[in-house]
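below: sequence and its predicted model.
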Amino acid sequence: MEEPRSGRHASATFQVDALPTPVHHLLNYGTSAPPTGPFAIFRISRCPAALHTSRKRSMSSKAAVARMVGKISADNSAMLLCDVQERFRSLIHHGETVIRTSKLLTSASKELNIPLVITEQYPKVFGPTIRDCFEDESHLQSTPTFPKKLFSMMTPEVSEHIKSLNATSFILFGIETHVCVQQTALDLLEMGHEVHIIVDGTSSQQALDREIALQRLSNAGAYLTTAQSILFMLLKGE
């Protein structure tokens, strides 16, 4: 039976909140006649320093707009699979959806050559990553996997590893949304990275915890999206 994918009640369904449309403020220096008198110094074309400053502002504005839009490319992205372990399988709200989505994304990481990183929360107690998150076991075994006791994935070892990936955008999925996923996303945002949360690939034991955490992450600057949406954006019609 297919699990519901949309609706109002978090206890019964996964919900993708609509993201606000960014507002772009365009600076217009005007085309009126050149100023005369003591104010002539402020005319942009006669003030190289001011022109240089305006160009820097324009470049900065473009970068800010790009960040607001949140487009993503396979060339500068990495995927993070957070703590989808055997011990949690029967405990997580819509856990099988998380596992299926994880399998889709890990398969895509292999096909698109996007780096993938796995963490496991105290695996001696909570077990290994669920095998069903991967199409084939060899991919699971070859993927860099880091055990941890911190809630965030951003342990010193993982932080050092992702530096070598040259990634600026991170596609994050796993469990639990309000604990490890949330803390990981906030750490990455604080580092200046873009974070894309796959809402059909993350959950918690309690639906309310998941819902509030997604609202919190959206407010903090993370992008909420779905597995299909992110994959179509990565493919760009190839």
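Received it, and whenever you're ready, just let me know what you need. Numbers count the residues shown, from 1 in each chain.

domain parsing for this protein?
37-69, 74-235 (automatic domain parsing).

format those domains as JSON lines; extra columns: mean neighbour count.
For glycine as for every other residue, the C-beta is placed from the backbone atoms N, C-alpha and C. Listed next are the domains of the chain as JSON lines, based on neighbours: other C-beta atoms under 10 Å:
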{"stretch": "domain 37-69", "mean neighbour count": "11"}
{"stretch": "domain 74-235", "mean neighbour count": "19"}
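
could I get those domains as TSV with mean pLDDT?
TSV is the format used below for the domains of the chain (pLDDT from 0 to 100):
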stretch	mean pLDDT
domain 37-69	50
domain 74-235	97
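
break down the chain into its strands, ranges please.
Counting by DSSP state E, the chain has these strands, from start to end: 77-82, 116-121, 145-148, 169-175, 194-203, 223-225.

any chance of JSON lines for these, columns distance to residue 94?
Below are the strands of the chain laid out as JSON lines (distance: least, C-beta to C-beta, whole Å):
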{"stretch": "strand 77-82", "distance to residue 94": "16"}
{"stretch": "strand 116-121", "distance to residue 94": "19"}
{"stretch": "strand 145-148", "distance to residue 94": "24"}
{"stretch": "strand 169-175", "distance to residue 94": "11"}
{"stretch": "strand 194-203", "distance to residue 94": "5"}
{"stretch": "strand 223-225", "distance to residue 94": "16"}
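
which among these is found nearest to residue 108?
strand 77-82 (8.1 Å; C-beta to C-beta).

the closest one packs against which elements?
Judged by 3 or more C-beta pairs under 8 Å, 6 or more residues apart in numbering; DSSP states H and E, the packing partners of strand 77-82 are helix 95-111, strand 116-121, strand 169-175.

who touches it?
For strand 77-82, the external contacting residues (C-beta atoms under 8 Å, 6 or more residues apart in numbering) are 102, 105-106, 109, 114-119, 129, 133, 153, 162, 165, 167-175, 180-181, 184, 202, 234.

if we use 7 Å, what do you get?
102, 105-106, 109, 114-119, 133, 153, 162, 165, 167, 169-175, 180-181, 184 (C-beta atoms under 7 Å, 6 or more residues apart in numbering).

likewise stretch 130-137?
So stretch 130-137 is contacted by 81, 84-86, 89, 99, 102-103, 106-107, 140 (C-beta under 7 Å, 6+ apart).

one more time with 8 Å
By C-beta under 8 Å, 6+ apart, stretch 130-137 touches 81, 84-86, 89, 99, 102-103, 106-107, 110, 140.

stretch 184-199 too?
Contacts for stretch 184-199 (C-beta under 8 Å, 6+ apart): 14-16, 67, 70, 72, 80, 82, 101, 105, 152-154, 167-173, 181, 214, 217, 220-227, 230.

now residue 95. Nearest residue, chain neighbours left out?
Spatial nearest neighbour of residue 95, excluding adjacent residues (C-beta to C-beta, 6 or more residues apart in numbering): residue 89 at 5.7 Å.

wait, the one you found sits on residue 98?
No: the criterion here is C-beta atoms under 8 Å, and residue 89 misses it with residue 98 at 9.3 Å.

re earlier: redo the contacts of stretch 130-137 as a markdown table? Include distance to residue 198.
Output for the contacts of stretch 130-137, formatted as a markdown table (distance: C-beta to C-beta, whole Å):
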| residue | distance to residue 198 |
| --- | --- |
| 81 | 10 |
| 84 | 12 |
| 85 | 18 |
| 86 | 21 |
| 89 | 18 |
| 99 | 13 |
| 102 | 9 |
| 103 | 12 |
| 106 | 12 |
| 107 | 14 |
| 110 | 17 |
| 140 | 18 |
